[in-house]
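Colleague: Need coordinates for the following:
(chains A, B and C)
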Amino acid sequence: MSGIIAETEAYRGRRDPASHAYRGRTERNAVMFGEAGHAYVYFTMGMHYCLNVTTEPPGNAGAVLLRAIEPLEGVEEMVRNRGQDKGVHIADGPGRLTKALRIDRSLNGEDIVTSERLFIERGPKPKRLGKSTRIGVSKGVDREWRFFVMGSRFVSKGKPPVSTQNP
DNA sequence: TTCGTGATACCC
DNA sequence: GGTATCACGAAC
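Modeller: Next up, the predicted model:
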């Protein structure tokens, strides 16, 4: 299965009150404090997994949450993984994305640079990027750290862009 | 808009 | 050990 990343959000460390790492390192968020290029997968809201990729050198926390992909290969498998609903609502939203791709805690800490199970390749450059504040956070709401492909049907519902830019 | 659902973290 | 909180989704 594969897809093109369509929507992400950035989370940082001690200075980002919306981040899991804000209150320091714990067993759950330990991966965020490790090497860049690893998967940070956590379980939330009693039912959803979310997938992040770490971005900072060891000691500094930081990660990018993958919020949506445009399904590319293995679409039927993704639909099966997701259960009933179909259409474009296959992987738009962090919980849907992980369910469609069958990502769970077994991938937490996975080195996506060397892994065969989970990795990122360079894809087509989006025509236009949108930017907005992050979704579902109550702190750090002023930070415009959500980025998405403008006009993509595969971006999760939510906030319109506060601004756009060419990449 | 409402509610299901369970891990986590932090305070006793 | 108790409990408030939570980077959400699906059905109303």
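Colleague: make it CA atoms for all contacts and neighbour counts henceforth
Modeller: OK.
Colleague: Residue A:122: neighbour count?
Modeller: 6 (other C-alpha atoms under 10 Å).
Colleague: need the residues of chain A near DNA strand C, please.
Modeller: Neighbours of DNA strand C within chain A, by C-alpha under 7 Å from any atom of the strand: A:11, A:18-21, A:44-45, A:48, A:50, A:52, A:63-65, A:82, A:92-97, A:135-138.
Colleague: So which of those belong to strands?
Modeller: Members of the residues of chain A next to DNA strand C lying in strands (criterion: DSSP state E): A:11, A:44, A:48, A:50, A:52, A:63, A:64, A:65.
Colleague: In chain A, what residue lies closest to DNA strand B?
Modeller: residue A:46 (3.1 Å; C-alpha to the nearest atom of the strand).
Colleague: so how far is residue A:31 from that residue?
Modeller: Going from residue A:46 to residue A:31 by C-alpha to C-alpha, to the nearest Å gives 21 Å.
Colleague: ok, and the closest non-adjacent residue to the most centrally placed residue in chain A?
Modeller: Closest residue to the average C-alpha location of chain A: residue A:66 at 1.2 Å, with C-alpha atoms, centre = their mean. In space, not counting the residues next to it along the chain, residue A:66 is nearest to residue A:8; the distance is 4.7 Å by C-alpha to C-alpha, 6 or more residues apart in numbering.
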